[in-house]
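S.K.: take this sequence and fold it.
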Amino acid sequence: MRACRMFAALLLAAGLVAVPAGPAAAEEPVRAEAESLPVASSTAPVEAQSNCCGVAWSAGRQLWLRATRAGDSVTVTLPSVPAGQYDIGGVLTRAADYGTLRFAVDGVAVGQLFDGYAPTVRRAEAVPLGSASLTAGTHRLTVTVTGRSASSTGFLAGLDTVTLRRVGPPASVTTTPYETVGETPARGPLTRVYDPGVGEASAWYYNDHTIVRDQRTGLWHVFAVTHAEPGAPQDERSFGHATAPTPTGPWTKQRPVLVADPGAGERWIWAPHVVYDRGVYHMYYAAGSPDYANYRMHLATSTDLFTWTRSPANPLFTDGWEGRDPMVTRVGDRWVMYYTATSDPQGGNHVVAYRTSTDLRTWGARGVAYASPHTGRAAGQTESPFVLRRGEWWYLFVCCDGTDYGAAYRRTAVYRSRDPLRFEGAERVTVIDAHAAEVVVDGDDWYLSHAGWGQGGLWLAPLNWATGVVARGYTVHTGFLRADVRTWPHTRIAALAVDPAGAGAHRPALDSSHRGTAPYLAVGRFDVTDRAGPPARVDVSADGSRINLVGIRMGDEPVTADWLLTVALRWSGPSLQSDVSWSVDGPTTAPVWEAAFNVDGALPTVGDPAVGARPTGDVTGMPTWTMATGPGLSLVAAHRWASAWRGDNTWYDAGHSMAAWQPLWRAGGTSWLPGRYPGGTWRFAASAAARDTAFADTVHAALNAVP
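M.R.: I've put the predicted structure just below:
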């Protein structure tokens, strides 16, 4: 990799790599002796240290910050420069008692962390400090000691020279904060309205259920999976039935309906859902058997809600793993059935699948409305889907939110989307304390139900709709790109659209169809266990070209990330540069399997220099670039060589055109010592040609050029 980088630099120097000239092509960089720069402020002693310890600095001296703790800093005034986009570099010093450094220009971070530790004193040549769009005049560079490596004995810092290389005109960018306000549901106090154990010799439970009103008599009916406690899903062979004058009761037990019929392919039956159409009630339910990859979706019909007849069309279709928990609603001129399954019938990502029908008997091909990033079989994060419309929005209620099923059992996540068939990438607006939740509407009254193993029966709570903030973030706009940088409730690039011509005709290049574009952790196993939460602070440069998201909490772990996004110049217009830095403040709750930066493409194919269309799977190490591509567009994510503290693996997801760059990747996990870790630099740039490898190589070479 070092040889590749050196070769690329030689090609650039020789003019053999076609980087079209910008305004600064013929300009000499501005180079300053750091010890001669005026010191604007400092929290620790600063001096011009003369050559020592076998090292000769430029002009015989260096700027020496005699820091004694993390947080010490020095701010110096840079030489006056013309307006432009600048790559900033430096010659620094490493030694056994030197700390880890972070750099900022005019108060907003640039670039990556620099680890100043080395067993002996030495100069570090041509260190990239970052990129910044500067106005004409002077600016201030701040060097902050963020901590020290485990091997270092001190917090000192040394800066020999600073170089500012103008690479083009100033970035022309509009960065605007936004706050999206919308309706979100909230559950009121739960009241137990029905106990199925009354009259039985022992406690019984209700689980997945449906509540429906008789259109003729006005009587309410509930049908539910039922059994004596404790939970025995493969012995659930009938549906409990009760009736009431109102949803809140009083409920009267009725005879069970639809006892499982092995001759009809029903070893056990689960999750009834009832809809009404033109005088007929249609009950959909899952017919289970040991063939978990081919669960049968069955239908029974009734005209009075007491007597049910199985449909001769059964099975309507089969799906797995445990394709179950149907819910049917009307969308325009068709019916849509949502149900839980996995991305492959043998297992995979938990999904909310859907099929459509015009007659409630014949159902079309499977689509996926929502895919959880978590994988497995059986119980997962897409149980009991329930979809409803309110105004212009569709809301998906889905259980059970989290990876610890016991803790997640009563966590129903709610997503909202303007498209009832696409909730991938939708914002999770709230999480409600309920299991197998159904929404019941009685006139002006809205209710949320709750039931399950060990829950003591059927519960109901008022469902209130309140207007509040559902998302916060920043829009970043140039003629070449438009980005949605989300900062709440989770931090990510929610969308990135690009136009290589710079005319503002942006096409989607990144989205949030799966994991999103953001750092993440996998603790205790592979896959996302800890998403990027909101940052503790957001710093935005005066011109809007740099957004530094500081102190992003990673789930419930003692780990945070700083994520710097820079509108960085390229020869045909601005690109977007990403710098991630990790901070570990204590032992994690389990060994760390992944510390990664995920790139979620919106184009059909993902690949790298070696393979144009990568299949889903792992590739050892990190490539020079990955590329999401399709007809007439390539989005390159070029990597700065050795910008991360390690480079273990890259994982590709072909189905989502996704690449996860994984500096830390360890089957079985590893302990992650407290400290500050450079997490890697990537630059996103776009070409108007499919699979444009020459363009990708040029972006990589430019990113790795000596500053």
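S.K.: tell me where the stretch 601-707 of the chain has strands.
M.R.: Along the stretch 601-707 of the chain, the segments classed as strands by DSSP state E, counting those that start in this stretch run 605-607, 617-620, 625-630, 633-639, 649-653, 658-670, 675-687.
S.K.: low-confidence ranges in this structure?
M.R.: Low-confidence segments of the chain (pLDDT under 70): 1-26, 570-573.
S.K.: on that earlier part again, format the strands of the stretch 601-707 of the chain as TSV; extra columns: distance to Ser152.
M.R.: Placement of C-beta: from N, CA and C, glycine included. Formatted as TSV, the strands of the stretch 601-707 of the chain follow (distance: least, C-beta to C-beta, whole Å):
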stretch	distance to Ser152
strand 605-607	39
strand 617-620	30
strand 625-630	33
strand 633-639	27
strand 649-653	28
strand 658-670	20
strand 675-687	10
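S.K.: select, out of those, the one closest to Glu266.
M.R.: Closest approach to Glu266 among the strands of the stretch 601-707 of the chain (C-beta to C-beta): strand 649-653, 36.0 Å.
S.K.: packing partners for the closest one?
M.R.: strand 617-620, strand 658-670 (3 or more C-beta pairs under 8 Å, 6 or more residues apart in numbering; DSSP states H and E).
S.K.: list the buried residues in the longest one.
M.R.: Which is strand 658-670. 658-666, 669 (16 or more other C-beta atoms under 10 Å).
S.K.: cool, the shortest one as well?
M.R.: By neighbour count, and taking 16+ other C-beta under 10 Å as the criterion, the buried residues in strand 617-620 are Val619.
S.K.: re the thing from before, and of the strands of the stretch 601-707 of the chain, who's closest to His209?
M.R.: Across these, closest to His209 is strand 649-653 (C-beta to C-beta), at 35.2 Å.
S.K.: strand partners (parallel or antiparallel) of the closest one?
M.R.: Paired neighbours of strand 649-653 in the sheet (DSSP bridges): strand 617-620 (antiparallel), strand 658-670 (antiparallel).
S.K.: and the longest strand anywhere in the chain, what does it pack against?
M.R.: As assigned by DSSP state E, the longest strand anywhere in the chain is strand 458-477. For strand 458-477, the packing partners by 3+ C-beta pairs under 8 Å, 6+ apart come out as strand 174-187, strand 191-194, strand 445-450, strand 481-488.
S.K.: coming back round to it: tell me which of the strands of the stretch 601-707 of the chain lies nearest to Pro230.
M.R.: Closest approach to Pro230 among those (C-beta to C-beta): strand 658-670, 32.5 Å.
S.K.: and of the buried residues of strand 658-670, the nearest to Met554?
M.R.: Comparing the buried residues of strand 658-670 against Met554 with C-beta to C-beta places Leu664 closest, at 12.5 Å.
S.K.: check contacts around the residue lying closest to the closest one once chain neighbours are set aside.
M.R.: Excluding its sequence neighbours, the residue lying closest to Leu664 (C-beta to C-beta, 6 or more residues apart in numbering) is Ala595, at 4.0 Å. Applying C-beta atoms under 8 Å, 6 or more residues apart in numbering to Ala595 gives the contacts 519, 521-522, 559, 582, 662-664, 672, 677, 679.
S.K.: in the longest strand of the chain, which residues are buried?
M.R.: 458-461, 463, 470-471, 473-474, 476-477.
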